[in-house]
Each structure stands twice: as structure tokens, then as C-alpha cells.
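> Quick one, fold the following:
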Amino acid sequence: MTLIGMLHHRKDPNTVIKSYAFAAVAKAEGAKFFYFSPGKVNFANNTIRGQVYENGKWIERTMPFPDVIYNAGSPEKLARSKEIIQKLKEKIPFTTHSIGNKWNVQQRLKEAKEFANYLIPSEIIKSADSFFKFIAAYDKVVFKPIDGRKGKGILFITKKANGFQVQTNSNSKLYTTQQLNALIKQKLTTGIHILQPYITSVTKSGQVYDFRLHVQKNGEGKWVITTIYPRIAPKGSIIANINNGGYTNYLDPFLEQEFKEEAFNIKRKLEHFSLSLARHLDQIQMTQYGEVIDEIGIDVGLDKNNKIWIYEVNWRPGCPPAFYLELDVVKNTIGYAMYLANNQKPLKAKMGQIKRERNESMVAKAPKVATSDKKGKIPIIAITGSAGKTTSKAFLASILSKKWNVFESKDYWNTTEHTKQHKELINSTHDAVVLEYGMAYPGVITEHCRIIKPNISIVTNIGLAHVGNFNSDIRGVAHAKSELIHGMDKTGLLVVNKDDANSRYLETHRFKGKILTVGIKSPADYRAYDVRYAKEGMQFKIKLHGKVLQLFIPILGEHHVYNALNAIAVADQLGFSPMDIKAGLVFKKPPRRLTIYNCKNNITVIDDTVHSHPQGVRAAIDVLSNVGKHRTIAIIGQMRELGDLREAEYRKVGEYVTNKKIDYLITYGFRTDEISNHAKAKGFPSERVYHFTDKDKLHDLLPKIIRKNDTILVKGASKTNMFETVKFLDKTYG
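Residues are numbered from 1 along each chain as shown. Here you go, the predicted structure:
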């Protein structure tokens, strides 16, 4: 006869109502049952001072170690006795194992990929700044504690024209930006929080609802559906949880009322989903932890297209609040406990087999990069171009990481030596590879492709960077960039810029794969429109699969919209959803790329000190012109490797600055006075133009001309050390 021990943090079973049901069902099923707490375990003689239910009352008795333990207490409170519990686990099988908090479950499902499409894009929010960047991309978000239960601590936040509507269940209040900033900062002091876009799941009458899918293992060790039921929020509330005033309904009449002829199909979809997800999580638990799970509660919503979205997965959901299902839950639990006690050998053999299969699968996947021209390949994406490589890479890696484990080349690592290092680091755990291929001379990109051959490529644009190394001929630059097209998988995917006039020189005539175009000004496969500046970023629209998508990127400049389009095109082709794309575009910006510093006296500094070429300088001037609300100051450093085109391009920049009506122009470096002299020739007031070859003298000038509310752009390449000027401004104006 199977002996089942029920472990709980409370010492008195009279305070645990469900203990009666477990005792009764265990007796009916032919098992012995007792209740105990950690402090009653004696490892010296393998006994437990537990309590058995006899003649209507609990009686304390010394019991031998049970055949199986049902783990029923609070994980937080039982954690105080973790050493005792761990020693018990080494001797006795446990029915119930934690699958982690909301974030852990999300990460497990994302890594395992099969159910990644059902996950709502989520971010751990570590600062108020990251919160506001996220909400800029979504009009409505959910902000909740990572370990929250029963709907507590959840904020629903909607962006309004005059502030932010913050709703906690049925209470709603309008906050200013400053008030919301203070609220988020205060919440973050209480623990870790997650931010998600809000998924609208409402009845025909406008009430918010979700479904609870309750699944368990039965006495045969098989997953079964205990129940599926809708939870409907009261009118005016947006939390369907029963503990917050929500109520339940029977599944069939609810589906018939809301979905009519689709009711049967949706019921079958929910049933299939609940069992499939339970088996999937169980297999992950076996593979990663050598444990099995026996019960989960899955909360899901259906959007307007009837797509399932996973809200939460709870590993101990408790009994359904209605429908007299308490005994069903207990019967499955007791039956599975008996099964677990009597089937340890086959279960361990099954776990061993699953682990072996996983290891064999990883070995089979290992040579992915080396055999990237074979079927079953992972996306190996290479990005080149005169400008926008790093930002396009960062956008794309951010989107792909919403579902996949992505290898992304580090920072500005784009030489062939870096590519050799990357090849050694890429392994079978990676689902996609995103690399940046830089070049300054012919043959370099060919060498990149020899080391790692891509099957997807992006050429951002063809500009004047390094043109001096190609006899000052833009066609030479295009020819060198075309090495990527020649060196990649000839049947792969190529993305090019339709608006870039020089990209017409790319050598695509022999390419047999798919070519996609991006653009703003010209018709393209992926075209942005209604492009406008927003606070610390850009907003634009794009039509994807016939539907208009409003997007936000947390980086300034129209040129960065092109970089986002590159990422959108590839991600869309790889099957990523609009929601994944929207979330991924709220990315971690590469350092020193139009980074905004808000200093004292309302002084703004724009740091763009990584690369510098005519195209990038004009783009930075555009940002300065759009962001500066009062006086604007442009500090422009030397542009290198322009060859015979230097003077002409410097003069064009001088004219461009003049036309943009910048208030002060300061040039720094060898021959950059060609910029300032031409600006004066085109009408820029000479008393507001300065030129320096000594950085200390430049820094001496700045405090004399900078005033309250000024916006200052520092633009220059890393090799000219223009970042020193940014550091000087930061030190001076904080």
C-alpha cells in the first residue's frame, strides 16, 4: 500500500482545509496518508512525526518515510527549511516541482521555441527611463511584479494626449509624466517588475476576460484536462482574476455566446493547447532539472483575431473556484502520487532517454556555421554598408532575441579578425547569427564570407566612407560592398536600400535569391511613412501583411528609420510577428550613436562620436535641427579617407549647415576649416563660426558661448577623439 506524505509549512492540518479532502480521497483510493511539516523530520531513524486523520480528527503519530511526498506548502515559507527538503528529495520522490516565476517560465518557453509565438513580448524594467521608452512603442501596457500572485500589484497604463491613464483593477487616475515617473521609480524599489504590451481580450459587451486552463497528471501518469473555464472581469475592471472581483462561467455556453459557429473549434484549440503546453513544459523540466511536474494552471487571452496569448503559467494553480471540482483535482493528485511512487525506474529511464536525445540533437546541430549552405541551416545574417551597420545589427538582434537565442557580434567588431573570433564562439545553442562586415579595401568582405558564409545579407547603403581608398570613385565602394552578394548563399535573401542612389551600382545581376527593398521616399517592399520626431526617438508607420503598424524607435534621425526597416524586413521574412517586431525595436542603442545627455540649465548634448562621413554628418545636423528648441551649436570633427573628394564634400557640409540655420558652427581638425569657410561664404554669420586644431582651445571657448537651453551636437570619428569634448561638456554641465 502506497504511503503518501503531505508536506506543508503550517504545523496544524486543521488550518489547511484541503488536507481533509486529501486524507479522504487517499483512503478511498487505497493509499495511506499523513500530514507533516519540515520540523518533524528525523533523518537519524528515517521517521516523521506526522498527523493522520482518524474518526473525524487529526492524530499525531510517528510515521516511516513515505513512498512519495505531495509538496503543498508555500515555496517562500518552506524555503526556510530548504536543507531538510533537499535531503528528503534525495530519498523520496516529490509530486510537485517549481517551474519558476513569470519571467523564468517565459524564458524557458522562448528558449525551447515551440511555444514562443504565444508569448507576449516582455521586458524586465530596471529604470523609469526604460519604462518610458517601452511605452512610447505601445499605447497601452501592463506593468506587474515578477513574483506577483492573484492579480496583485498590476498596473494598466494607457498613453493619453494629456498624460497617462493608470488603472489598478477598477480604480483609474490620470498621471502627468512627472507623476508617473515618480510612481514607477517607487514601484521599482519594491522588487523586480515586468512590462508587456496589453492584449485586448474582451467580450461582446466590452468586459475583459481570460481563460484558465487547468491540467494535471492522472493515476496513469498522463496529462489530462481538469477544467477550462472563462474568468470575466466586472464592468469597469480590467483584471479578470477571481480575487479581484472577477467571476467564472461554464465554458460551453460562454463560447457559444461569444463565438457562435466558431465555439467548437475554439474549445478544441484551447484543449489541444493546454495539453501540448503541459507536455512541453514537463519535457523541459525533465531535460534541464531531472524532475517531473504534475499540475499547471495556464492563463490565456484571445485577441480580436482569436490568437492565443499566454498571460501566465502557474505551477500550483489551486482548485477551481466553482463547479465542484475540488475532489477531481485531489483525485488526480492522489492518483499521480501513487503512480509516481510505483514507477520510479521507468520514469528515470524516460528522463535519461530524453536527455540523450537532446544531447544527440545538439551534436547533430553543432556544425551549423560550417555547413551553412545545406538544408536545415540557421539564419546567418551579415550586414555591410557605408553607414548604419551597427544600428541595423542591433535592431535585428533585438527583434530576433524575442524568440531565439541570437549570436550578435559585439559592439563595433567588424574586421576579419573579429569574424574569425566569432566563428569560434558560435555554437549549437544559437538559433540565429547576426554579424557586421566592415571593410576599407577591396577583398576584405570576400574574406569575411570565406570565414562565415551568410545566407541572409543587408547592404545598408553605398556612401563616401573610405572612398579615398577606391580612387575617390563611388563605384569602387559599391564593387567592394558587392563582394557580400557574391560571397553569400546565392539562393539566400538580400535586403537593399531603394532610396540610396548609389546602391544601383551593387552587382545583383547574378544573384539567384530573393531581393527585398526598403525605403521611405520611394515605393519599396518595406516602406516607412508618416516619419516624425518624437521624444528621444522616431515614430513611423509601415504596412505589414495588409495592416498598418505604428512603430517607435528610441534613437533619433530619419536615417535610423532605414536601419529599423532593414531589421523589419529580415525579421518579417523569418516569421516574426508584428508584436515581436514592435517590442524588438525598443532596443539597446549602440553607445555614442546620437546619444542624448540632458544637462543642468536645460542644456542638451548630442553625442555622435563613433564614425564620421558626409552622409552621417548631414544626418546628425538634421537631428540637431529637429531636436534643438532654442539655440543650436554644431561641433564637427574631421572626416577621414575622403581622398580627392574631401574639399568638395567639406564644402557641401558647410552649405548644409548654413541651410539648416544652425546658430553656431565649430570645426575641429586638419582642413576642416574648409567646412567653416564655405559656410561663411554661403552666408553663415562669421562671428558665430570657429575653427580649431587644438582641442584645449576649443574647450576654452565652449563655456563662453554656451547658454541655458542650448542644444550642442558633437560629431566626429573615434580616431579624432571627439568623445573628449562630450566628456568635457558632461564635466562642465553635469
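> could you say which helix or strand contains Glu641?
Counting by DSSP states H and E, no helix or strand carries Glu641.
> So what's the residue count around it?
If you count neighbours by other Cβ atoms under 10 Å, Glu641 ends up with 17. Glycine gets a C-beta too; all of them are placed from N, C-alpha and C.
> can you check the one 4 residues further on too?
The number of residues packed near Leu645 is 18, by other Cβ under 10 Å.
> residues contacting it?
464, 467-468, 472 (Cβ atoms under 8 Å, 6 or more residues apart in numbering).
> I'd like these as TSV, with secondary structure, neighbour count and distance to Pro230 appended.
What follows is the contacts of Leu645, written out as TSV (DSSP: H, G, I helix; E, B strand; the rest coil; neighbours: other Cβ atoms under 10 Å; distance: Cβ to Cβ, whole Å):
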residue	secondary structure	neighbour count	distance to Pro230
Leu464	coil	24	61
Val467	helix	24	64
Gly468	helix	16	68
Ser472	coil	17	69
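> want to throw these into TSV with distance to Gly513?
Output for these, formatted as TSV (distance: Cβ to Cβ, whole Å):
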residue	distance to Gly513
Leu464	28
Val467	28
Gly468	32
Ser472	32
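> wait, which of those residues is closest to His479?
Closest approach between those and His479, by Cβ to Cβ: Val467, at 11.9 Å.
> Surely that closest one and Met639 touch.
No. If you go by Cβ atoms under 8 Å, Val467 and Met639 don't touch, sitting 10.4 Å apart.
> if we can go back for a sec, pick the one among the contacts of Leu645 closest to Thr158.
When these are compared for distance to Thr158 (Cβ to Cβ), Leu464 wins out at 45.6 Å.
> Thought Gln615 was touching the closest one, still the case?
Yes. Counting by Cβ under 8 Å, Gln615 is a contact partner of Leu464 at 6.7 Å.
> Common neighbours of these two, please.
Common contacts of Leu464 and Gln615 (Cβ under 8 Å, 6+ apart): Ser386.
> Give me the pLDDT for Phe132.
Phe132 carries a pLDDT value of 90.
> residue contacts, it?
Counted by Cβ under 8 Å, 6+ apart, Phe132 has contacts 177, 181.
> measure the residue nearest to the spatial centre of the chain to Ser172 for me?
The centre of the chain sits closest to Lys402, judged by Cα atoms, centre = their mean, with a distance of 4.3 Å. Distance, Lys402 to Ser172, using Cβ to Cβ, to the nearest Å: 30 Å.
> mind checking the longest helix of this structure?
Secondary structure of the chain per DSSP state H: the longest helix is helix 263-289.
> List the buried residues for that one?
Using 16 or more other Cβ atoms under 10 Å as the test for burial, helix 263-289 gives 263, 266-267, 270, 273-275, 277-278, 281-286.
> Would you list the phi and psi of Arg527?
Reported as degrees, to the nearest 10, the phi and psi values for Arg527 are phi -120, psi 130.
> Can you pull out the low-pLDDT segments for this structure?
149-151, 169-170, 241-245, 320-325, 358-376 (pLDDT under 70).
> so what does the longest helix of the chain touch, helix or strand wise?
Applying 3 or more Cβ pairs under 8 Å, 6 or more residues apart in numbering; DSSP states H and E, we find helix 263-289 packed against helix 102-112, strand 209-217, strand 223-232, helix 251-259, strand 295-302, strand 308-314, helix 344-365.
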